[in-house]
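1. heads up, no residue letters with this:
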């Protein structure tokens, strides 16, 4: 009896504390809420998004904000967990009353947030989640994607691979949605562009696989002309390592998205394998333009590290937000979305546009080959060919068909 | 390409060798876990974290000595000792007072260590990916039966039996091993004959942590050293320990070999479903022998 | 101690608290209604775990599996079939209970740590299947935008629905614990040898307890679908299982309301600590260490002990070594 009473007293006390902690009030600022993974292996990418975003926002605020209103942002760590991220997003929307939701490298969370944004009628700008479903099958008025997706990777890679003289392929990758989506994307498109290609087989490993040697020897045994590696994130590094050790890159040419990215190549230093074909959205050294150099210099000065692809996503997101509000003329969600559709902003990789129909940003893709360069401490991409967004984006018919399903 | 003649047999051989070299790391880490589980009865979830810390310290030490070609070897020597020291602090500072607690409490206590270690690694080493070069003499591959076989995997393959023999010697031929085996069966009895059980416990705990550190150090040159390494290994080594028989070092060896081989051969037989083979093996073992293949000392 | 909870004297208190919860949506901002729903769902899950863990003394290490199965059952029924909504919700506990029976049949003959470890491996296998089976479960992306009826999905109405079901489930669990079956379960925990000697079928009772706990976890899973409208493989992950174990621990697993309190503490602290720091897990880890070290009976258990002369139910640790 006594204890029951104590329990309820305690419960009442806790709920009082909760209420006291709710001191959120709406100030005269534009508030962006970022939910992303800041713990665990994926944080190497997400930190760049946040830092570049912060840098751009500071610059916007220093220049007087957006029609006099300062931009403010708050971050929440989802720890790569969907339930935590979803709770955090609800907290941001309901309690912090943010105007815009942004973030996440976790596709499952991005899809969940997209659904929540649709219910709440709040714009959600997805940064880094690569599922093509976000702006494809599950797209709607309130969701925007600020990066390439698996469909674009597939199309871009297929365009590049079709020019190469290989006909028999093997596909291997991370056994989760991203891996399968990239592999399917590349293969579907490659078959269209070059009908004589043949798939010898596939192998799939779990995310976080410690040793790739058994997979590599199994692939070598099948003697494919080339291999498509659909692996992402932290598995890129050990895969390249195993490829170097076994001489895989010399025996069989292989393609891997993000193989040429700095996040993958820098940890490996000079021990990375040469001649790996990769695609990436961004290189700090390419395109060799004034805008890109200025962007890199600014980022390096602020954070003492070279910006990776996430920095591009963070930067363009800030640009899109400020330009769209400026165009809308007021802080109004519906007008913001109308303004954002078809909007173009300047970026380190040139002018990029938000496609009005499916809310997918049109980013160019750079295909290159890993090469050692005199004076650099790690390998860089060379012989870069630019695949413009028009060639890599899924057609509007495809989007319409996917959304009708 | 002529390289791939005499295909299936040589591929199978290589695959088995690679599987065994993979099993070596699993065995070293799992034997540490099983020792602690057997003697101290602590289901140490923090074992994966110690393995991760081992890999990170190896990276830091090896890069600090990067101008010397011995960098990795110094790290291989020192890093596990640092992990063992962390283990000693854990044991003497905290676990020592909790031996009479329930297993569940111990499990949660070790889990709280995984949470703390996870965030400490993030604080100390940040979120960048790190990679360590394979030591010079083991760079590249041998051509074995026409297939490339990484020299470093050969090194691991040779190391496995060394550790197995060392552990056998330690548990069967030394006083410490004999007492700890006795303590695993009946702690009170060992205490009653005047042996300082606490010291034995501390020694076994430190040895277990040392093995986790060795595993982490050995895996460092082949892996992406990053946060999350702890999560990817801990369930695997727990499964290995279970199918081998809780607390049985030979069981850990057997479990690791089963795990490594089913994995490597699964990749060859049905590459698309490679990842489920080890789990199927575990379930098969557990349905027929729920207490593990070898005698559990529980 | 527990007998007081629904006894004559405390009945007014329970009613008072319930009334408070019923009127919460009129007093609190929307986010707190949502938070209260999260706490109720997670608390229900933790309480169902406590049924086998605290009262049954079983090492249910992977309880989240049943929660996930419940959530996925509801989600799949709602998205893939055109059956009425109530069928989707009713089938969740049934499916979870079925898996509880299955895992119970395999595990129940084992004792202590073997039981828990085997459960973790079986649970991980189910997780791996859900994670991989793209065509059916949506793989690691999960299923989003589940068509929960409008009348149930709005913040306030979902809160009332969750409150009603949670109250009902808690009441049922309480009745079960007080029933002869519940008493046998506690006796099994405290002294299995003696129970066996007087002719109690240990294995059968344990399996029944697991089925009941899985049933309620499945119900909590279907409530999660109402609350979030999404399901994803993490609902079956072993880390979630450990998190709810922590909730039971913090609240105290020798008390009926302890797990609910633990869920309340952890979820509210996590939400508000998350506003200030990325190192919430570090804080949680340290907090757990301190709790285990100094308050082995949990917060609620500790307060109990502090104020009442009557000792709470026999602590687990005194009995566990008998069971080895």
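-> Looks like it arrived, so ask away. Because the structure is a prediction, the values reported are computed rather than measured.
2. okay, residue A:350: pLDDT?
-> Per-residue confidence at residue A:350 stands at 91 (pLDDT).
3. over to the one 10 residues further on?
-> Among the per-residue scores, residue A:360 shows a pLDDT of 94.
4. correct me if wrong: it contacts residue A:150.
-> No. Here residue A:360 lies out of contact with residue A:150, judged by CB atoms under 8 Å, at a distance of 11.9 Å. C-beta here means a position set from N, CA and C on the backbone, and glycine is covered the same way.
5. what about the strands in the stretch 51-200 of chain B?
-> With DSSP state E, counting those that start in this stretch as the definition, the stretch 51-200 of chain B shows strands at residue ranges B:141-144, B:147-150.
6. which of those strands sits most buried?
-> By mean neighbour count, with neighbours taken as mean count of other CB atoms under 10 Å in any protein chain shown, strand B:147-150 ranks first of the strands of the stretch 51-200 of chain B at a mean of 24.
7. just how off-centre is that strand within its chain?
-> Going by CA atoms, centre = their mean, to the nearest Å, the spacing between the C-alpha centre of strand B:147-150 and its chain's C-alpha centre is 24 Å.
8. what packs against it?
-> helix A:213-221, helix A:236-246, helix B:7-35, strand B:141-144 (3 or more CB pairs under 8 Å, 6 or more residues apart in numbering or on different chains; DSSP states H and E).
9. out of the ones you listed, the one nearest residue C:176 is which?
-> helix B:7-35 (37.0 Å; CB to CB).
10. any bit of the closest one sitting next to chain C?
-> No. When contact is scored as CB under 8 Å from any CB of the partner chain, no part of helix B:7-35 falls within range of chain C; the minimum is 11.5 Å.
11. before we move on, what about stretch B:74-87?
-> No. Stretch B:74-87 lies apart from chain C when judged by CB under 8 Å from any CB; the minimum separation is 14.7 Å.
12. buried stuff in that stretch?
-> Buried residues in stretch B:74-87, defined by neighbour count with 16 or more other CB atoms under 10 Å in any protein chain shown: B:75, B:76, B:78, B:79, B:80, B:82, B:83, B:84, B:86, B:87.
13. grab the nearest non-local neighbour of residue C:136.
-> Nearest in space to residue C:136, with sequence neighbours left out and distances taken as CB to CB, 6 or more residues apart in numbering or on different chains, is residue C:76 at 7.5 Å.
14. give me every residue that touches that neighbour.
-> The contact partners of residue C:76, taken as CB atoms under 8 Å, 6 or more residues apart in numbering or on different chains, are C:136, C:137, C:143.
15. so how far is the host helix or strand of the first one off the chain centroid?
-> Just to be clear, that refers to residue C:136. Secondary structure here is read from DSSP states H and E; on that basis residue C:136 sits in helix C:134-137. Computed by CA atoms, centre = their mean, the chain-centroid distance of helix C:134-137 equals 26 Å.
16. tell me how many other residues crowd the residue nearest to residue B:160 when sequence neighbours are not counted.
-> Among residues not flanking residue B:160 along the chain, residue B:24 sits closest, at 3.6 Å (CB to CB, 6+ apart). Close neighbours of residue B:24, defined as other CB atoms under 10 Å in any protein chain shown, add up to 27.
17. which ones are touching residue B:24?
-> B:156, B:157, B:159, B:160, B:163, B:218, B:256, B:260.
18. please report phi then psi for the residue in the stretch 101-250 of chain C that chain B sits nearest to.
-> For the stretch 101-250 of chain C, the residue closest to chain B is residue C:117, as judged by CB to the nearest CB, at 4.8 Å. In terms of degrees, to the nearest 10, the main-chain angles of residue C:117 are phi -70, psi -40.
19. surely it touches residue B:244?
-> No. With contacts counted by CB under 8 Å, residue C:117 stays clear of residue B:244, the gap being 11.6 Å.
20. quick one, which of those two is more surrounded?
-> For residue C:117 versus residue B:244, neighbours defined as other CB under 10 Å are more numerous around residue B:244 (29 against 26).
21. chain C versus the closest residue in space to that one that isn't next to it in sequence, what's the distance?
-> Distance criterion CB to CB, 6+ apart; nearest residue to residue B:244, sequence neighbours excluded, is residue B:251 at 2.5 Å. Taken as CB to the nearest CB, to the nearest Å, the spacing of residue B:251 relative to chain C amounts to 13 Å.
22. again, but for residue B:121
-> In this structure, residue B:121 and chain C are separated by 11 Å, where distance is defined by CB to the nearest CB.
23. quick check: closest non-adjacent residue to residue B:117.
-> Beyond its immediate neighbours in the sequence, the residue positioned closest to residue B:117 (CB to CB, 6+ apart) is residue B:49, lying 3.7 Å away.
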